[in-house]
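**Q** What follows is a predicted protein model with its sequence.
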Amino acid sequence: MTLKDERLRIIVNRVRDNGKATVIELSEYFDVSDITIRRDLKELAEKGLIRREHGGAVYPVDMPEEPPVIQRMFQNRPNKERIARATAALIKDNESVFIGSGSTATYVVRHLTNRQNLTVITNAVNIAHELASSEGITVVVLGGMMRASELSMVGHITEQALQEVRMDKVIIGVKALSVKAGITNDFLPEVMTDRKILEMGSELIVVADYTKLGKASSAYVAPVNRITTLVTDRQADPQIVEELRALGVQVVVT
């Protein structure tokens, strides 16, 4: 992460925690010019992570804290089931894939149990549990610090372990996704782990129901053009779907 990236991350965090921040206080905090801070705020506003106001910025996103993954399994279940089936069809025998945590990802693995010679790498203990009795699948579980609500491993140990594996495809769920803001998360300690995961595979498949689209959360992970394929449902905003396709993202609507 560059010094600028770290500065942007801290700005978003301060604005989120305090509800607002002024150019003067930010320039004093970072010991940089007002011009630099105004440029930073402009960039963050274009990504949808803050909203510019005279003399500073305010936090624009009123997204409720997400419930634990086990509870989310029952939210929008029909949509998630369709997304899962369509995503599983993209995974072939003899491949090596990373599957991240999340409710939709959990449904995906339930459609993979008959695969042969498939390697699934995961940082989520519930994903590993779903596949534990599948004879044709080798499961590689990454260690790390447990994020209890997601049943996932994050942090430095997880990131170190990721350097030892390679995969054909990366399949992840997201907290929020928008054309301007990109892929965003609301749990800052997980961001670096997310970025490391994205480095490990050339093909990125994002599974996200319509409630995740057009939204932005507090921590930037990656631009939308990093996505190879987005699998979503029929309730997705058609304009967002077309904007993503125009950027070269393959969008599967199911």
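**A** Alright, I've got the coordinates.
**Q** and the end-to-end length of stretch 90-102?
**A** 18 Å (Cα to Cα, to the nearest Å).
**Q** Hmm, I typed the wrong one, I wanted stretch 42-53.
**A** 11 Å.
**Q** what is the rounded mean pLDDT of it?
**A** Taken as a whole, stretch 42-53 carries a mean pLDDT of 82.
**Q** what residues does that stretch touch?
**A** 8, 11-12, 15, 20, 41, 57-61, 178, 180-182, 184, 216, 218, 220 (Cβ atoms under 8 Å, 6 or more residues apart in numbering). C-beta here means a position set from N, CA and C on the backbone, and glycine is covered the same way.
**Q** show me where the stretch 1-150 of the chain has strands.
**A** Ranges of strands within the stretch 1-150 of the chain are 20-22, 51-53, 56-58, 96-99, 118-122, 137-141, 145-147, based on DSSP state E, counting those that start in this stretch.
**Q** Which among the ones you listed is found nearest to D233?
**A** strand 96-99 (19.1 Å; Cβ to Cβ).
**Q** The closest one packs against which elements?
**A** helix 103-109, strand 118-122, strand 169-173 (3 or more Cβ pairs under 8 Å, 6 or more residues apart in numbering; DSSP states H and E).
**Q** measure E135 to A84 for me?
**A** Distance of E135 to A84, computed by Cβ to Cβ, to the nearest Å: 21 Å.
**Q** nope, K175 is what I was after
**A** 18 Å.
**Q** partner strands of the helix or strand where V231 lies, parallel or antiparallel?
**A** Secondary structure from DSSP states H and E places V231 in strand 229-232. Sheet pairing of strand 229-232 (DSSP bridges) gives strand 203-207 (parallel), strand 250-253 (parallel).
**Q** export the ones you listed to TSV and tack on distance to V191 and mean neighbour count?
**A** TSV is the format used below for these (distance: least, Cβ to Cβ, whole Å; neighbours: other Cβ atoms under 10 Å):
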stretch	distance to V191	mean neighbour count
strand 203-207	16	23
strand 250-253	24	16
